[in-house]
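K.L.:
model this:
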Amino acid sequence: MVALGEGFPKLEKLSLIWCSNVSSVGLTSLADKCRLLKSLDLQGCYVGDQGVAAVGQCCKQLEDLNLRFCEGLTDVCLVELASGVGKSLKSLGIAACVKITDTALEAVGLHCKSLESMSLDAESIHNKGVLAVVRGCPALKVLKLQCINVTDEVLIAVGNCCSSLEFLALYTFQRFTDKGLRAIGNGCKKLKNLTLSDCYFLSDKALESIAIGCKELTHLEVNGCHNIGTLGLESIGKSCPRLTELALLYCQRIGNFALSEIGRGCKFLQALHLVDCSSIGDEAICSIAKGCRNLKKLHIRRCYEIGNKGVVAIGEHCRSLTDLSLRFCDRVGDEALIAVSQCSSLQYLNVSGCHQIGDGGLIAIARGCAELTYLDVSVLQNLGDMSLAELGEGCPNLKEIVLSHCRQITDVGLNHLVKNCTMLASCHMVYCQGITSAGVATVVSSCPNIKKVLVEKWKVSQRTKRRAGSIISYLCVDL
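P.N.:
Numbers count the residues shown, from 1 in each chain. Next comes the predicted model:
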């Protein structure tokens, strides 16, 4: 750190993520030498109060500071820091700093009037500290909170004081209710991005308040909020026409009608993520396909009511699709991929665990999607060498492929694949009983850009190990 400071006195940006050997002594020296520093990331560093306080004293132009997982810090350094760089600081991140309390945040609220972004993950923080930041930092645009002791009182204050707020993320809150989200809807008219994760006491009324008040909303994630259902999301579809990205994770009560409304009202939707949504089926996906023709990214995982019909509609109507993931969707088969092959711009495809997919679907993809760079076909028992041969012919830009648990694939298929896919950089092929040490050697020798091969240890010959040992990884070293 001393040498760094002496060699680069005009340094403006420095990231030291998880550099566990950095000490307060080194940081103090750096701060003294690099007084023009504007951005500093200390995530996971075991620095103490003295080093961070020195940054506050010396680096008067500091704008961005990340202190996540700096476990040794106390209120003392935050008070010093806030008083020292309060006029310039715009972004502050704190997580897992158990000794930092409301006292530190009160100093931030008092001195950091230009603060625009705050990320806070701390069990030791209560309403008092967060209220000080919210009331003292009127320019706040980004607020991420994971504080189990914070209540609706904070959200009410955010609605009253932070009219410029654009990004709000609330994680694992068991004390927030619809009352708090109603305040956000009433006061934060510029809100564009909202994440609600494991907020168990929020209901449809919370989303209705957001829909009514936050017409600028472009990104919405609802994760594990078990009391939010179809009506809440319907209101988003009716009132938030600028929505471009929607993520619904573990939302068992949200059904087809909700996504039908999204399809009708959110014509600019470009990305949709669905995980473990058991009430959403083909009807919903068909509505999205017909209404959101600009869709570029669709990720679906373990939604067992979605099958060929919905994915076929995506292939027919969303020709700009570039990223498709259908992990463990048991009802999706070759018919779906044949339709998706019409999306000639497709670059990313993950159909891991879709047991009905075989050579027919993958051959169609190979012939229609020449821009494909990533492919995961793991756990497909009906996939054989014919697919790999076609992929080798049709997808020369392929860089990453996952073939693990594909029992019918052999060395013959691998040989055809790598013959033309010279850009291949990563190949996972564990538990492929038809692939031998010869196949592994073929991948290593034929792909000049290969950087990672994941395979059982016993399939790697001594010659291959000598030639490319640094790029080979083993799932289980004893296999």
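
K.L.:
so where do the strands sit in the stretch 251-400 of the chain?
P.N.:
Along the stretch 251-400 of the chain, the stretches classed as strands by DSSP state E, counting those that start in this stretch are 271-275, 297-301, 323-327, 348-350, 374-376, 400-402.

K.L.:
what would those look like in TSV with mean pLDDT and mean neighbour count?
P.N.:
Bear in mind the C-beta positions are built from the backbone N, C-alpha and C, glycine included. TSV is the format used below for the strands of the stretch 251-400 of the chain (pLDDT from 0 to 100; neighbours: other C-beta atoms under 10 Å):
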stretch	mean pLDDT	mean neighbour count
strand 271-275	98	20
strand 297-301	98	20
strand 323-327	98	22
strand 348-350	98	21
strand 374-376	98	21
strand 400-402	98	21
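
K.L.:
figure out which of those is closest to G159.
P.N.:
With C-beta to C-beta as the criterion, G159 lies closest to strand 271-275 of the strands of the stretch 251-400 of the chain, at 27.4 Å.

K.L.:
which elements pack onto the closest one?
P.N.:
strand 245-249, strand 297-301 (3 or more C-beta pairs under 8 Å, 6 or more residues apart in numbering; DSSP states H and E).

K.L.:
please render those as TSV that adds distance to D178 to the earlier fields.
P.N.:
Output for those, formatted as TSV (distance: least, C-beta to C-beta, whole Å):
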stretch	distance to D178
strand 245-249	19
strand 297-301	29
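
K.L.:
and of those strands, who's closest to N186?
P.N.:
Comparing the helices and strands packed on strand 271-275 under C-beta to C-beta, the one sitting nearest is strand 245-249, at 22.9 Å.

K.L.:
chain center to stretch 4-11, what's the gap?
P.N.:
Centroid separation between stretch 4-11 and its chain, computed with C-alpha atoms, centre = their mean, to the nearest Å, is 34 Å.

K.L.:
for that stretch, what does the pLDDT average out to?
P.N.:
Per-region confidence: stretch 4-11 scores 91 on mean pLDDT.

K.L.:
go on, stretch 377-393?
P.N.:
Mean predicted confidence for stretch 377-393 is 97.

K.L.:
Provide a list of residues in contact with F8.
P.N.:
C34 (C-beta atoms under 8 Å, 6 or more residues apart in numbering).

K.L.:
how much space between it and G56?
P.N.:
20 Å (C-beta to C-beta, to the nearest Å).

K.L.:
try L191
P.N.:
From L191 to G56 the distance is 31 Å (C-beta to C-beta).

K.L.:
in CSV, list the strands of the stretch 251-400 of the chain along with distance to M429.
P.N.:
Formatted as CSV, the strands of the stretch 251-400 of the chain follow (distance: least, C-beta to C-beta, whole Å):
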stretch, distance to M429
strand 271-275, 26
strand 297-301, 22
strand 323-327, 18
strand 348-350, 16
strand 374-376, 12
strand 400-402, 8
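
K.L.:
what about those strands, which gets the closest to L4?
P.N.:
Closest among those, using C-beta to C-beta: strand 400-402, at 34.8 Å.

K.L.:
could you list the residues in contact with that closest one?
P.N.:
352, 373-378, 391, 417, 421, 424-428.

K.L.:
now for P9, how many residues are close by?
P.N.:
12 (other C-beta atoms under 10 Å).

K.L.:
now do the same for it: helix, strand or coil?
P.N.:
Secondary structure assignment for P9 (DSSP: H, G, I helix; E, B strand; the rest coil): coil.

K.L.:
could you do the one 5 residues further on as well?
P.N.:
Here L14 is recorded as strand under three-state DSSP.

K.L.:
against V85, how distant is the spatially closest residue to it that is not a sequence neighbour?
P.N.:
Excluding its sequence neighbours, the residue lying closest to L14 (C-beta to C-beta, 6 or more residues apart in numbering) is L40, at 5.5 Å. Counting by C-beta to C-beta, the gap from L40 to V85 is 10 Å.

K.L.:
pull up the overlap in contacts between these two.
P.N.:
55, 59, 62, 65.

K.L.:
lowest-confidence helix or strand of this protein?
P.N.:
strand 472-474 (a mean of 85; mean pLDDT, DSSP states H and E).

K.L.:
quote the end-to-end distance of stretch 286-306.
P.N.:
10 Å (C-alpha to C-alpha, to the nearest Å).

K.L.:
buried residues in it?
P.N.:
286-292, 295-303, 305-306 (16 or more other C-beta atoms under 10 Å).

K.L.:
do the same with stretch 31-47
P.N.:
Buried, per 16+ other C-beta under 10 Å, within stretch 31-47: 31-35, 37-47.

K.L.:
assess the claim that Y171 and Q146 are in contact.
P.N.:
Yes - using C-beta atoms under 8 Å, Y171 is in contact with Q146, at 4.0 Å.

K.L.:
any residues in contact with both of these two?
P.N.:
With C-beta under 8 Å, 6+ apart as the test, Y171 and Q146 both reach D121.

K.L.:
M386: which of the shared contacts of L40 and V85 is nearest?
P.N.:
Closest approach between those and M386, by C-beta to C-beta: L65, at 55.3 Å.

K.L.:
how many neighbours does the closest one have?
P.N.:
Considering only other C-beta under 10 Å, L65 is surrounded by 23 other residues.

K.L.:
S20 too?
P.N.:
S20: 10 neighbours (other C-beta under 10 Å).

K.L.:
hey, where'd the helices end up in the stretch 301-450 of the chain?
P.N.:
Under the criterion DSSP state H, counting those that start in this stretch, helices of the stretch 301-450 of the chain are mapped to 308-317, 334-340, 359-368, 385-394, 411-420, 437-446.
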